[in-house]
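[1] Here is my input; please provide its structure:
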Amino acid sequence: MIFDNSGFFDVLHVGAGTEKIANVEVIPNAPGQPNRFAVRDVKPTEPLTLKEMGGGEQAGGNGVLISQAGSLTYYGLHVNDAYVAFRDAVLLAPNDFDFRSDIADNRFQFPTSSKQLDQVIEFGEAAGLIKSRPVAKAACTMELKTSWVDATTVDSPDEYLIIDAQVPRFIPSGPDRLTLDPDQPTETLSLAMVGMHIAAPVVGHPELVWTTYEHVKTAPMGTYHYITTKSTAPVGTVSYPQEQGGWIFAAANTPFPDEIKPIAANISAVDNALIAADGSVAPQSIAQVNPWGMIAGAQDDQTLSSNTDLISLNVSLLGRMGDARDHYLQMGGVWTTGSLLSGQDRSNQRGGLFLANSTMETFRQWDPQVPEGKFRPQNCLDCHSTAPEGNDQRGNFGLAVSHIFQGMAAFTQTE
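    The predicted structure follows:
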């Protein structure tokens, strides 16, 4: 897997951060060594909320997902060598890497031109970070987030991308939380990938293009419509629930949930699971609320066109790669017309305007019935914008679209 080779780094939480500025460090991948999805910097005997369980977590809260087979869902963060080189460049030679936007007054932004990327690559080569110029040039500065379950809990493991990872070991410690095992704080597990985000700039898009993927068995989708021929009719319909059994995060043929949210009573910090006295879990079912990043059930021209394009794209690839990748779907992507965002203005957004990954934004999927005044991100760009956080004035920095960039220390040092 590309993110597991020497051109990528794991990103680990190393201390307290905030919602938009994560305190992280990067760890180079080592051949034959498990990836480290480490706990935050806490005492081994201190009870942990599950937000602190690993390299990443659910968006916007403490929600940790439990599979129907009882596995915790683990999260990894990964960046490539060009990303690390650019972070070091901004820290160590900021005046040389002030890629000011032509569209908005944002000092610094991710490289979005060949000239800017060449400058970053030259810095990275000199620092010993970038070993392959063609690979770095093709990928640009790339950030990934991945979600995983214990590989021993899935049917047909050959249909999943599998990785060995060092993960926190939690044990039940009461009716409302789990605790890091003081005797064995980590364990190495084989994990099966269930979801992945990719965020990277392309020419003219400093806001990054955000795409997301899920395994075909993660969870059923809400009802969606698509065009079944090259003409505008007839329109095909896929209704919820889909008949497939063996969903990772949903029991077969369960009713569509009114809202996927943490249960309010008698639960632990594992937000989607009832906890019995013996510490066993009874997970609730989840769903992909807005399939293909569009409102479920909608039949307007834009939704039909978008759904059809994504279905066609996936059908054209599934079965052609000859390995586990044949079992993952691109659920959609979201971007803008080319400008950085400073809030929730969606007028210039394009693509899956209601995009969410059911394994990473499980409890933050868009629901049009959410009461006014209650924050519910509509898609990735609602949170990944240049809007400042509290008294933080990062609104002047286009790099705020990445929540790990500002809190990442320099990986190399210059003389």
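[2] going forward, measure contacts and count neighbours with C-alpha atoms only.
    OK.
[3] Run me through the strand neighbours of the longest strand anywhere in the chain, direction for each.
    Once the chain is assigned using DSSP state E, the strand that runs over the most residues is strand 186-202. Strand 186-202 pairs in its sheet with strand 143-150 (antiparallel), strand 162-168 (antiparallel), strand 205-215 (antiparallel), by DSSP bridges.
[4] Need the CA coordinates for the last one. PDB is fine.
    In PDB, the C-alpha atoms belonging to strand 205-215 read as follows (Å, rounded to 0.1, in the frame of the first residue of the first chain):
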ATOM      1  CA  HIS A 205      -7.200  24.600  -5.700                       C
ATOM      2  CA  PRO A 206      -5.500  25.700  -2.400                       C
ATOM      3  CA  GLU A 207      -8.600  24.500  -0.500                       C
ATOM      4  CA  LEU A 208      -7.600  20.900  -1.300                       C
ATOM      5  CA  VAL A 209      -9.800  18.300  -3.000                       C
ATOM      6  CA  TRP A 210     -11.400  16.000  -0.500                       C
ATOM      7  CA  THR A 211     -12.400  12.500  -1.600                       C
ATOM      8  CA  THR A 212     -13.500   9.500   0.500                       C
ATOM      9  CA  TYR A 213     -13.700   5.800   0.000                       C
ATOM     10  CA  GLU A 214     -15.400   2.900   1.800                       C
ATOM     11  CA  HIS A 215     -15.400  -0.800   1.700                       C
END
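[5] name the helices or strands packed onto the next helix or strand after it?
    The helix or strand immediately downstream of strand 205-215 is strand 224-227, counting by DSSP states H and E. Counting contacts by 3 or more CA pairs under 8 Å, 6 or more residues apart in numbering; DSSP states H and E, strand 224-227 packs against strand 235-238, helix 301-317.
[6] List the buried residues of strand 224-227.
    Under the neighbour-count criterion of 16 or more other CA atoms under 10 Å, strand 224-227 has 224-227 buried.
[7] With pLDDT and distance to P201 added, can I get those residues in a markdown table?
    Below are these laid out as a markdown table (pLDDT from 0 to 100; distance: CA to CA, whole Å):
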| residue | pLDDT | distance to P201 |
| --- | --- | --- |
| Y224 | 93 | 30 |
| H225 | 93 | 31 |
| Y226 | 93 | 29 |
| I227 | 92 | 31 |
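[8] For I227, give me its contacts.
    233-236, 304-305, 308 (CA atoms under 8 Å, 6 or more residues apart in numbering).
[9] Tell me, how many residues neighbour E243?
    For E243, the neighbour count with other CA atoms under 10 Å is 11.
[10] For it, give its distance to I121.
    Here E243 is placed at a distance of 49 Å from I121 (CA to CA, to the nearest Å).
[11] for R87, same thing?
    12 Å.
[12] what residue ranges in this protein score low on pLDDT?
    15-19, 37-64, 101-107, 173-179, 230-232, 259-282, 342-344, 368-376, 387-396, 413-415 (pLDDT under 70).
[13] Show me where it has its helices.
    81-92, 114-126, 133-139, 301-317, 380-383 (DSSP state H).
[14] now those as JSON lines including distance to Q365?
    Listed next are the helices of the chain as JSON lines, based on distance: least, CA to CA, whole Å:
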{"stretch": "helix 81-92", "distance to Q365": "28"}
{"stretch": "helix 114-126", "distance to Q365": "34"}
{"stretch": "helix 133-139", "distance to Q365": "29"}
{"stretch": "helix 301-317", "distance to Q365": "18"}
{"stretch": "helix 380-383", "distance to Q365": "10"}
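[15] Same list, those helices, but as TSV with mean neighbour count and distance to A409 please.
    Listed next are those as TSV, based on neighbours: other CA atoms under 10 Å; distance: least, CA to CA, whole Å:
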stretch	mean neighbour count	distance to A409
helix 81-92	23	8
helix 114-126	18	15
helix 133-139	14	21
helix 301-317	16	38
helix 380-383	23	22
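[16] Out of those helices, which is closest to S67?
    With CA to CA, the closest approach to S67 among those belongs to helix 380-383: 23.6 Å.
[17] which residues touch the closest one?
    210, 334-335, 341, 343-344, 355-356, 377, 401.
[18] Now find how far off-centre it is within its chain.
    Centroid separation between helix 380-383 and its chain, computed with CA atoms, centre = their mean, to the nearest Å, is 12 Å.
[19] Stretch 399-411 now?
    Distance, centroid of stretch 399-411 to centroid of chain: 16 Å (CA atoms, centre = their mean).
[20] Okay, buried residues for it please.
    Result for stretch 399-411 [16+ other CA under 10 Å]: buried residues 399-408, 410-411.
[21] nearest to S132, of these?
    Distances from S132 to the buried residues of stretch 399-411, taken by CA to CA, are shortest for F411, at 18.1 Å.
[22] The contacts of helix 380-383 in strands, which ones?
    Short answer: these in strands (DSSP E) are 210, 334-335.
[23] Reformat those residues into CSV and put neighbour count and distance to P31 next to each item.
    CSV is the format used below for those (neighbours: other CA atoms under 10 Å; distance: CA to CA, whole Å):
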residue, neighbour count, distance to P31
W210, 23, 29
V334, 21, 34
W335, 23, 35
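[24] could these be laid out in CSV, adding distance to F97?
    Formatted as CSV, the ones in strands among the contacts of helix 380-383 follow (distance: CA to CA, whole Å):
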residue, distance to F97
W210, 23
V334, 26
W335, 24
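[25] now, which of the residues you listed sits nearest D367?
    Ranked by distance to D367 (CA to CA), the ones in strands among the contacts of helix 380-383 are led by V334 at 17.7 Å.
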